[in-house]
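Undergrad: What follows is a predicted protein model with its sequence.
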Amino acid sequence: MAVQYFSKHRAIDSVEPPKFPSAELAKIIDSLISNSEIKEILVSRQRNINISR
């Protein structure tokens, strides 16, 4: 399963949070990733990045 999401994960990682609203990034994650557990991990990781900045 990890291989299935690798290129999508790299695309998500290429988005720079300060220049891109977190709500829009959450929409991108929602549209690219179908697995709810992976989705939650990515969204929470982005929230943590935004909090630390």
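TA: That came through fine. As the structure is a computational prediction, the values presented were derived from the model and not from experiment. Numbering: from 1, shown residues only.
Undergrad: mind checking how far Asn35 is from Val15?
TA: Distance, Asn35 to Val15, using C-beta to C-beta, to the nearest Å: 19 Å. In short, each C-beta sits where N, CA and C put it, glycine included.
Undergrad: For the one helix or strand in the chain whose mean pLDDT sits lowest, could you pull out the residues that count as buried?
TA: Ranked by mean pLDDT, DSSP states H and E, the weakest helix or strand in the chain is helix 36-52, scoring a mean of 81. Across helix 36-52, burial judged by 16 or more other C-beta atoms under 10 Å covers 38, 42-43, 46.
Undergrad: Other residues contacting it?
TA: Residues outside helix 36-52 that contact it (C-beta atoms under 8 Å, 6 or more residues apart in numbering): 5, 9, 12, 17, 22, 25-26, 29-30, 33.
Undergrad: And stretch 6-13, by the same measure?
TA: 25, 28-29, 32-33, 42.
Undergrad: What average pLDDT does that stretch get?
TA: Mean per-residue pLDDT for stretch 6-13: 86.
Undergrad: ok so, going back, sort the contacts of helix 36-52 by pLDDT and name the bottom one.
TA: Lowest in pLDDT among the contacts of helix 36-52 is Pro17, which has 64.
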